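Undergrad: model the structure of this input:
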Amino acid sequence: MSAIAGRVESSGFERLLAEPTAAALWTLQKTLLTIGGEPAARARAVAREFHACLRALESKSSSRRASRLGAVLGSAAVGSVSLPDLLRSQDIALEELLRSTLPAVLEIGSAISSAQAWEVEAQLIYDQFAWVLYQELWDVSAAAVPDLSADERRARIDQVLDPLLDPTVPDADRGALLVDVFRSVLAARVLPLLG
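TA: Residues are numbered from 1 along each chain as shown. Predicted coordinates:
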């Protein structure tokens, strides 16, 4: 085993491919910096984007949980504000009842809008990283199968990445696909370093 391959292996590269984490990518990029050269620079670029991807997915997941919790709390607030008013509705004029429940209805609208905004942000993450991966897959494919026509290369890459851009594909499936494609591209970029 070459010294470079030994450094890559000692950075936990196999473990990284099995269970990618932002911390493992951070360690790999430090190792790749010590190697230098064009192949290491390409691998570092993919590692950097993969790190950003994992951080974005982590952030998106936290944001989604917070958004859902906000919607639940907002709905609970509506119940706590309007239920007592409804119980006293025999003694309160209709105008007073509407005035007291309007803030609660607005809270529900706010929670729904927040959840919709989260969905837009999630789609942007997939769009951003599909852009990066398209070029990487093109370059890796061109090096591995140079005789493939541009149309055939495009069709094969589209087949892999189109589900990332399809909002009807469940979010969990798109997230898993995104990580899997990054894992494959990183392996392809590190392979030349392993000799």
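Undergrad: any low-confidence regions in this structure?
TA: 1, 5, 10-11, 61-122 (pLDDT under 70).
Undergrad: show me the contact partners of stretch 34-47.
TA: With C-beta atoms under 8 Å, 6 or more residues apart in numbering as the test, stretch 34-47 has contacts from 4, 7-8, 25, 28-29, 32-33, 136, 182, 185-186, 189-190, 192-193. No exception for glycine: its C-beta is placed from N, CA and C like everyone else's.
Undergrad: just the buried ones from those residues?
TA: 4, 8, 25, 28-29, 32, 136, 182, 185-186, 189-190, 193 (16 or more other C-beta atoms under 10 Å).
Undergrad: need the max-distance pair from the residues you listed.
TA: 4 and 182 (22.1 Å; C-beta to C-beta).
Undergrad: which one of the contacts of stretch 34-47 sits closest to residue 49?
TA: residue 182 (7.3 Å).
Undergrad: now the closest one, nearest residue through space, not along the chain?
TA: residue 50 (4.4 Å; C-beta to C-beta, 6 or more residues apart in numbering).
Undergrad: surely the one you found meets residue 24?
TA: No: the criterion here is C-beta atoms under 8 Å, and residue 50 misses it with residue 24 at 9.8 Å.
Undergrad: returning to what we had before: how much space separates the residue nearest to residue 182 from residue 32?
TA: 12 Å (C-beta to C-beta, to the nearest Å).
Undergrad: cool, and residue 156?
TA: Where residue 32 is concerned, residue 156 sits at a distance of 28 Å (C-beta to C-beta).
Undergrad: so which of the contacts of stretch 34-47 belong to helices?
TA: Residues of the contacts of stretch 34-47 located in helices (DSSP state H): 4, 7-8, 25, 28-29, 32-33, 136, 182, 185-186, 189-190, 192-193.
Undergrad: got CSV for the buried ones among the contacts of stretch 34-47, with distance to residue 43 too?
TA: Output for the buried ones among the contacts of stretch 34-47, formatted as CSV (distance: C-beta to C-beta, whole Å):
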residue, distance to residue 43
4, 11
8, 9
25, 11
28, 8
29, 9
32, 5
136, 11
182, 12
185, 10
186, 7
189, 4
190, 5
193, 7
